[in-house]
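Novice: got a predicted structure plus its sequence, pasted below:
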Amino acid sequence: MRLPKGFRAGGTASGIKPSGKPDLALVHVEPEAAWAFVATTNRAAAPCVLRGRALHRSRKTVSALVVNSGNANCATGAQGVADDRRMAELAAARLGLAPEAVLTASTGVIGVPLPVERIERALPALELEDELNAFAEAILTTDTRVKLSERALPGGARVVGVAKGSGMIHPNMATMLAYLFTDARVEADELRARWPGVVDATFNQVTVDGDTSTNDMAVLLASGAAGAVDPEAFWEAVRAVARELAREIARDGEGAEKLITVRVRGAATDEEARRAARAVAASALWKAAVHGNDPNWGRILVALGYSGARFDPERTQIALQGTTIYDGGAVPFNGVALSQAMQAAEVVVEVDFRAGPAAGEAWGCDLTEGYVKINAEYTT
């Protein structure tokens, strides 16, 4: 996928991953980009997250991003902080920048020292190009495929996004790295005012296994090379790209065979609608039922009940794959036919609280034996 104007990117194998797969990625934007940053709320946040937060407070522009995959560089003490800073210094030297103009990110195994000397050896030969695919490949961990999305704006500006994420996925945030690049000219203050709301409605609505990781971030960078754009068209494109990436993260959940989409409407507030949708998407009982093609609506109602959203069960309607299965109480439906309908690649739950104007959406995946196997053998 072609990058917007002003951006170049690349990826290579530095030897951090024992598999020898690509594990080092770099983006350069000339001369600089306005940016907005949202990161994990996990208190054990990695040095790259802490450094990113500090830079976000002190700088409205950056010029590069360097990412390693396979090593989280988290819970590695003072040495981890120094290694993260060193990674920025190496990328800055490669591009002729100040280290403070370079963002860092790491993803992978926690508690293992980062072999920064491998990054030092690999960076000089890392080639940058106008395409995003090599970068997208190099940031993956247990993902089975790259995740890319794009939208075009009237006048020629574009929004292009890339993400990684497969396991340890839960709101605030998940084990994801998500980067959106645009050549639209948008001021940093506007990016920072509106980007968190996009993240709340998209990336923070993804759940695979209920674990919120230590290294996660979602970053929006604007080079301005294509000039000014209509603000609402721009944000509509940003939301569309982020939503598509969020869905792909859920679809590629570790061991997943099905995407679960939960849509809630008729709620009192958007936050309550999103909270209710997340609860259903995150329910281990419902995720297992989806894997087994079991239209057990009681598990949906239970999750809605503990979500914290306000609703009256006697007014609520629930549909599964387009078939009403609950409407203020049990309703008759063809269980065999609905079980067959659940064998699709995407299982959709629709809830109407009939209590207000608000709506929300969340995404998850089925719980399979494959998830257990991947995480039982993650470091062994």
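Specialist: Received it, and whenever you're ready, just let me know what you need.

Novice: could I get the phi/psi values of A237?
Specialist: Torsion angles at A237 (phi, psi; degrees, to the nearest 10) stand at phi -70, psi -40.

Novice: tell me where the protein has helices.
Specialist: Under the criterion DSSP state H, the chain contains helices at 47-58, 77-95, 116-122, 133-138, 188-201, 231-251, 270-282, 284-291, 297-306, 335-341, 369-376.

Novice: closest to V67 out of the ones you listed?
Specialist: With C-beta to C-beta as the criterion, V67 lies closest to helix 133-138 of these, at 7.2 Å. C-beta: built from backbone N, CA, C; applies to glycine.

Novice: how about CSV for the helices of the chain, with mean pLDDT, mean neighbour count and distance to R8 added?
Specialist: CSV is the format used below for the helices of the chain (pLDDT from 0 to 100; neighbours: other C-beta atoms under 10 Å; distance: least, C-beta to C-beta, whole Å):
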stretch, mean pLDDT, mean neighbour count, distance to R8
helix 47-58, 97, 19, 21
helix 77-95, 98, 19, 10
helix 116-122, 97, 18, 17
helix 133-138, 98, 23, 10
helix 188-201, 97, 17, 21
helix 231-251, 95, 20, 19
helix 270-282, 95, 24, 36
helix 284-291, 94, 21, 40
helix 297-306, 97, 18, 45
helix 335-341, 98, 13, 46
helix 369-376, 68, 14, 34
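
Novice: export these to JSON lines and tack on distance to A34?
Specialist: Output for those, formatted as JSON lines (distance: least, C-beta to C-beta, whole Å):
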{"stretch": "helix 47-58", "distance to A34": "12"}
{"stretch": "helix 77-95", "distance to A34": "18"}
{"stretch": "helix 116-122", "distance to A34": "27"}
{"stretch": "helix 133-138", "distance to A34": "20"}
{"stretch": "helix 188-201", "distance to A34": "4"}
{"stretch": "helix 231-251", "distance to A34": "12"}
{"stretch": "helix 270-282", "distance to A34": "27"}
{"stretch": "helix 284-291", "distance to A34": "39"}
{"stretch": "helix 297-306", "distance to A34": "39"}
{"stretch": "helix 335-341", "distance to A34": "46"}
{"stretch": "helix 369-376", "distance to A34": "38"}
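
Novice: tell me which of these lies nearest to A33.
Specialist: Comparing these by their distance to A33 (C-beta to C-beta), the top pick is helix 188-201, with 9.1 Å.

Novice: okay, the closest one in PDB with CA atoms only?
Specialist: Taking C-alpha atoms only, helix 188-201 is exported to PDB below (Å, rounded to 0.1, in the frame of the first residue of the first chain):
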ATOM      1  CA  ALA A 188      -1.500  19.300  16.100                       C
ATOM      2  CA  ASP A 189      -4.100  20.800  18.500                       C
ATOM      3  CA  GLU A 190      -7.000  19.600  16.400                       C
ATOM      4  CA  LEU A 191      -5.400  16.100  16.100                       C
ATOM      5  CA  ARG A 192      -5.000  15.900  19.800                       C
ATOM      6  CA  ALA A 193      -8.500  17.200  20.600                       C
ATOM      7  CA  ARG A 194     -10.200  14.600  18.400                       C
ATOM      8  CA  TRP A 195      -8.000  11.600  18.100                       C
ATOM      9  CA  PRO A 196      -8.800  10.200  21.600                       C
ATOM     10  CA  GLY A 197     -12.500  10.100  20.700                       C
ATOM     11  CA  VAL A 198     -11.700   8.100  17.500                       C
ATOM     12  CA  VAL A 199      -9.600   5.600  19.600                       C
ATOM     13  CA  ASP A 200     -12.400   5.200  22.200                       C
ATOM     14  CA  ALA A 201     -14.900   4.300  19.500                       C
END
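
Novice: compute the distance between P231 and G224, please.
Specialist: Distance of P231 to G224, given as C-beta to C-beta, to the nearest Å: 14 Å.

Novice: find the residues that touch each one of those two.
Specialist: V186 (C-beta atoms under 8 Å, 6 or more residues apart in numbering).

Novice: quick one: residues contacting the residue lying closest to G111 once chain neighbours are set aside.
Specialist: Sequence neighbours aside, A75 is the residue nearest to G111 in space, at 4.7 Å (criterion: C-beta to C-beta, 6 or more residues apart in numbering). Counting by C-beta under 8 Å, 6+ apart, A75 touches 44, 110-111, 214.
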